[in-house]
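> For reference, the sequence and a predicted model appear below.
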Amino acid sequence: MKQPTTRTEMSRLNISPEDDSSSANSTEYTDCPQKVPLGGQYSDTEAESQNFLPEHNLGKKKYETEYHQGNASFGMSVFNLGNAIMGSGILALSYAMANTGIALFVILLVSVAIFSLYSVHLLLKTANEGGALVYEQLGYKAFGMPGKLAASCSITMQNIGAMSSYLYIVKYELPIVIKSFVENGNEEWYTNGDYLVLLVTVFIILPLSLLRNLGYLGYTSGLSLLCMVFFLIVVIIKKFQLPCPLPGNGSALNETISKVLNSTVAHPNATAVDYSEDSCTPKYFVFNSQTVYAIPILTFAFVCHPAILPMYEELKDRSRHKMQGVANVSFLAMFIMYLLAALFGYLTFNVHVEPELLHTYAAVYQSDVLLLIVRLAVLTAVTLTVPVVLFPIRTSVNHLLCASKDFSWIRHTIITVVLLACTNALVIFVPTIRDIFGFIGASAAAMLIFILPSAFYIKLVKKESMKSVQKIGATAFLLLGFFVMIGSMTLIVLDWINNASASPDAHADGH
């Protein structure tokens, strides 16, 4: 799941760039836990050969640097970055493929993966030149307080979207788990997803979120990744167990599928399911009203950029090229997992796949033990992940509002409760997880992948002229980011308006 994966990331927001002007030399900047130079008068080769700005005499000035030696190996860094990339977005990829077709989805998936890697390249190069290993501090160095606020708000929105997606899984999956143990519980309050989200938040997530030190919860990143690998294996297995179309049209099983797939939880305005031969034929290019959600879903799934710089700092014998290698391997592994999960989920249910893939299996495998284990594992992982994701949001809000004040349990509790209340409101009142993926992917994810890395690069990397190939590429990437964000948001808002004006039987959630 997307979450802070290093201790540095958990504490990074306690550093205030404004307080780092005490040095007589204005070209130095204090970045916890090391001091690094602002100036970009040295080359990338120098910085990399010296393991990211250690104590050396560079040019005319000797920079006093408290060099923090990282201790994370290449393999462990790959694992940690894979945890940061992997998130609940994998559950929506089959839905994206169903509304783009296999060929178009693969093109978009490859494009977003390459763009994400390019933005990592820009971010790492900017960190070397700008001398900061925190996303918000790069924003402050590039554009002052507006830059810091843009980075902080984008990360906060992304994390709130991640928390919402985790709670959506609780809303969708926990009722199914309870119904598997309770007979005739369909109409009971304890099988209502909205009530269950509130109960889980109040009795499990809130107490854990109020802890000052999350400690062991940081290890849930490994559990989350293992759960998703297990989920992928089950998706592949179930593809070969479920024929399409189902034998015996009009059977009780088909009626159950139609009833569950069109439940108000997943499809508030859905119509009858048609499991015909044609609906089971894979499509390679699809364009409909839901196609606009594909790119936001993919960008949401690949966002890991706030974790890149803290992992860079923790990398043993670090250099920009070594960290880029970590990113290349991690993105390749996640690309393969995403493609397999999307493809086999789509081939199993075709046009009837839901925005949250795991919920789709409830129609066919209501008492399947293997899927029940998957649900329990995923529910445990996402529930324990929410406090970890909330931690940096609360730290950022506290730092922006009360940076100079001592710790207060009252303020700590109020911020936590407000954040959880807002997240629960999103989960309860927004009808489908697709809208969260779409909105956050089109706004915050586009900012973190496209706009901010390229803008920071253009501003902070002084040694390259604006006519250089690197700066021209970064400028084009910046413009592409604005195009993706504005275009996706416009189309999504138009889809919302059309859905709101459509009659209940005129809209089937894009199917």
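Arrived safely, thanks for sending.
> close enough to count as contact, Phe115 and Phe450?
Yes. Using CB atoms under 8 Å, Phe115 is in contact with Phe450, at 7.0 Å. C-betas here are computed from N, CA, C, even on glycine.
> Settle it for me: which of those two has more neighbours?
A count of neighbours by other CB atoms under 10 Å puts Phe450 above the other of Phe115 and Phe450, at 25 against 19.
> Now that one. Nearest residue, chain neighbours left out?
Nearest residue to Phe450, sequence neighbours excluded (CB to CB, 6 or more residues apart in numbering): Gly481, at 2.5 Å.
> Do I have it right that that neighbour meets Leu448?
No. If you go by CB under 8 Å, Gly481 and Leu448 don't touch, sitting 9.8 Å apart.
> Tell me which helix or strand comes right after the worst-scoring helix or strand of the chain on mean pLDDT.
Counting by mean pLDDT, DSSP states H and E, the chain has its least confident helix or strand at strand 61-62, which shows a mean of 30. Sequence order places helix 74-85 as the next helix or strand after strand 61-62, per DSSP states H and E.
> for that following helix, packing partners?
helix 220-239, helix 305-314, helix 320-349 (3 or more CB pairs under 8 Å, 6 or more residues apart in numbering; DSSP states H and E).
> got the contact list for that helix?
By CB atoms under 8 Å, 6 or more residues apart in numbering, the surrounding residues in contact with helix 74-85 are 1-3, 5-6, 72, 221-222, 224-225, 301-304, 307-308, 311, 314-316, 322-323, 325-327, 329-331, 333-334.
> where in this structure is pLDDT low?
Scanning the chain for pLDDT under 70 picks out 1-69, 184-187, 214-221, 244-279, 363-367, 403, 502-511.
> hey, where'd the strands end up in it?
28-31, 34-37, 57-58, 61-62 (DSSP state E).
> out of the helices and strands packed on helix 74-85, deepest packed?
Among those, the stretch with the highest mean neighbour count (mean count of other CB atoms under 10 Å) is helix 305-314, at a mean of 24.
> Which elements pack onto that helix?
Packing contacts for helix 305-314, counted by 3+ CB pairs under 8 Å, 6+ apart, involve helix 7-11, helix 74-85, helix 102-130, helix 135-143, helix 320-349.
> Among those helices, which comes closest to Thr291?
For Thr291, the closest of those is helix 102-130, at 8.2 Å, according to CB to CB.
> hmm, back to that, find the residues that touch each one of Phe115 and Phe450.
Joint contacts of Phe115 and Phe450 (CB under 8 Å, 6+ apart) are Phe477, Leu480.
> got the end-to-end distance for stretch 443-454?
From its first residue to its last, stretch 443-454 covers 16 Å (CA to CA, to the nearest Å).
> Distance from the chain centre to it, please.
Computed by CA atoms, centre = their mean, to the nearest Å, the chain-centroid distance of stretch 443-454 equals 13 Å.
> Counting neighbours, what do you get for the residue nearest to Phe349 when sequence neighbours are not counted?
Ranked by CB to CB, 6+ apart and with sequence neighbours excluded, the top spatial neighbour of Phe349 is Thr360, at 5.5 Å. Using other CB under 10 Å, Thr360 has 24 other residues around it.
> what do you get for the one 10 residues further on?
Look at Leu370: counted by other CB under 10 Å, it has 14 neighbours.
> contacting residues around the spatially closest residue to it that is not a sequence neighbour?
Computed as CB to CB, 6+ apart, the closest residue to Leu370 that is not its neighbour in sequence is Val234, at 6.0 Å. Counting by CB under 8 Å, 6+ apart, Val234 makes contact with Leu370, Leu371, Val374.
> Tell me the spacing between Val234 and Val351.
Distance, Val234 to Val351, by CB to CB, to the nearest Å: 21 Å.
> before we move on, the earlier item: indicate which one of the helices and strands packed on helix 74-85 is closest to Cys402.
Nearest to Cys402 among the helices and strands packed on helix 74-85 is helix 305-314; the distance by CB to CB comes to 21.9 Å.
> for the closest one, the distance to its chain's centre please.
15 Å.
> Residue numbering should commence at 16 henceforth.
Done: numbering now begins at 16, and the last item shifts to helix 320-329.
> Please save the CA atoms from stretch 368-376 in CSV.
Listed next in CSV are the C-alpha coordinates belonging to stretch 368-376 (Å, rounded to 0.1, in the frame of the first residue of the first chain):
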residue,chain,number,x,y,z
VAL,A,368,-15.9,-6.0,-13.8
GLU,A,369,-16.5,-3.5,-11.0
PRO,A,370,-14.4,-0.5,-10.0
GLU,A,371,-13.2,-2.6,-7.0
LEU,A,372,-12.2,-6.0,-8.5
LEU,A,373,-12.3,-8.0,-5.3
HIS,A,374,-15.9,-7.2,-4.7
THR,A,375,-16.8,-8.6,-8.1
TYR,A,376,-15.9,-12.1,-7.0
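> What lies in contact with it?
106-110, 112-113, 183-184, 187-188, 191, 246, 250, 253, 276, 280-282, 356, 360-361, 364, 367, 383, 386, 389-390, 393, 447-449, 452, 524.
> cool, and stretch 455-462?
Residues outside stretch 455-462 that contact it (CB under 8 Å, 6+ apart) are 165, 168-170, 172-173, 175-176, 179, 310-315, 317-318, 496, 499-500, 503-504, 507.
> Would you mark the buried spots in stretch 363-381?
Buried residues in stretch 363-381, counted by 16 or more other CB atoms under 10 Å: 363-380.
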